[in-house]
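# sharing a model that was predicted from the sequence below.
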Amino acid sequence: MSSYAIGIDLGGTNLKAAVVHKTDGVVEITKRPTEADQGPEHVVARIADLVDHMIEGAPGPVTGIGIGSPGPINWERTTVTRPPNLPGWDSINLSDKLRSTLGLEIPVIVENDANVAALGSAFYGAGKAYDSFIMITLGTGVGGAIIYRNQIFRGSTGGAAEIGHMTIDYEGAFANSGVAGAIEGYLGQSFLSDHARDRLVNYPDSTVHDLVDGDLDRLDPRILYEAAKDGDEAARDLLAWAGHKLGCALGSAINLLDIRTVVVGGGVSAAGDFILDPAREALPDFVMPGLRSDLKILQEVLGNEVSLLGAARLAIEGREAQV
């Protein structure tokens with residue numbers, strides 16, 4: 001009898017879930033708002049309700065649940081501590097809380113959301129051809145992961161690779177983590193949208209105004225991409241500004257790690273080459289000369305699916321899951 005796992009992507013804006021078969025991949029995907037502003041107990045209840053729904057619709061028995069969560073995760077892959085973009089969370093054993101809420105004995109394994117995305121990319125996506133790469137995810141927040149010789153590098157406690165909270169300007173914009181000038185303070189979805197709104201006031205002829213019916217409060221990176229695709233110069237300049245910041249941050253990561261391949265995923269990465277080409281152009285300027293050969297920035301084209309596949313892979317392989 002075939003068995004299945006459930007992958008959960010816990011985002012600051014949305015909860016996504018998938019039923020995944022080990023060899024056949026995604027069977028079903030669904031999405032609901034996280035409602036993070038209502039606190040951790042409410043969010044856990046929403047995850048449990050979503051899991052119940054997915055188990056009920058699964059074609060066969062579900063043997064485990066994997067969760068990709070923002071923030072540092074402990075070594076045992078059970079507990080998330082003060083995740084950015086999830087207000088009111090301190091240190092929560094998400095594994096125990098979810099199993100208790102569900103009343104089920106099946107394993108629940110929690111891992112950092114970018115690590116989960118890297119796991120999915122390494123098995124199914126753009127990272128499959130590489131034994132070492134840096135993953136960066138651009139969404140509500142900005143996450144990071146390191147795959148080194150087919151293993152997730154987790155640091156000393158499980159919280160490594162928070163690339164989104166590396167500072168590129170110690171007097172710059174604050175990320176939700178409180179770090180000044182962190183890359184998330186420029187490329188996180190809400191931060192990028194806010195910056196674009198401020199800039200677009202000076203570009204009344206931009207087609208972005210038409211796409212939002214004159215209400216810039218409706219602006220998000222997807223609309224910027226649509227405008228850029230249609231040739232709007234203001235939108236293209238804004239995405240290029242974001243790409244330059246990304247290249248700067250990735251240069252520091254490459255100098256530190258000597259890993260030359262970067263895979264970029266997450267919702268904002270759907271802007272594709274409008275962000276990635278400026279990042280590729282800027283990257284060598286921020287990498288020391290001896291490390292500039294064979295630099296690559298790749299887009300993860302599986303989109304949100306890569307995180308769900310990685311989370312399910314975690315459930316399938318257990319707490320020691322690696323690439």
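Nice, I can see it. None of these values were measured; they are calculated from a predicted model.
# which outside residues touch the helix or strand containing Ser100?
Using DSSP states H and E, Ser100 falls within helix 94-102. For helix 94-102, contacts defined as CB atoms under 8 Å, 6 or more residues apart in numbering pick out 44-45, 47-48, 51-52, 65, 67, 69, 77-80, 105-106, 108-110. Any C-beta I mention is one placed from the backbone N, CA and C, and that applies to glycine too.
# the next helix or strand after it to helix 94-102, inter-axis angle?
Scanning forward in sequence from helix 94-102 by DSSP H and E, the next helix or strand is strand 108-112. Calculated by axes from the mean of the first three to the mean of the last three CA atoms, to 10 degrees, strand 108-112 forms an angle of 140 degrees with helix 94-102.
# what helices or strands is strand 108-112 leaning on?
strand 62-69, helix 94-102, helix 305-317 (3 or more CB pairs under 8 Å, 6 or more residues apart in numbering; DSSP states H and E).
# next one: that strand to chain centre, how far?
Chain-centre distance of strand 108-112: 14 Å, with CA atoms, centre = their mean, to the nearest Å.
# which stretches in the stretch 51-200 of the chain count as strands?
62-69, 79-81, 91-93, 108-112, 133-138, 142-148, 151-152 (DSSP state E, counting those that start in this stretch).
# so for Leu250, which of the ones you listed sits nearest?
Closest approach to Leu250 among the strands of the stretch 51-200 of the chain (CB to CB): strand 133-138, 7.0 Å.
# parallel or antiparallel, which strands does the closest one pair with?
Applying DSSP bridges, strand 133-138 is found paired with strand 142-148 (antiparallel), strand 261-265 (parallel).
# mind saving the C-alpha coords of the longest one as PDB?
It stands for strand 142-148. Presented in PDB, the C-alpha positions along strand 142-148 are these (Å, rounded to 0.1, in the frame of the first residue of the first chain):
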ATOM      1  CA  VAL A 142      13.900  36.600   3.400                       C
ATOM      2  CA  GLY A 143      15.300  33.100   4.300                       C
ATOM      3  CA  GLY A 144      18.600  31.300   3.700                       C
ATOM      4  CA  ALA A 145      20.000  27.800   3.600                       C
ATOM      5  CA  ILE A 146      23.300  26.200   2.900                       C
ATOM      6  CA  ILE A 147      23.700  22.900   1.200                       C
ATOM      7  CA  TYR A 148      27.300  21.700   1.600                       C
END
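# and it, which residues are buried?
For strand 142-148, a neighbour-count test (16 or more other CB atoms under 10 Å) marks Val142, Gly143, Gly144, Ala145, Ile146, Ile147 as buried.
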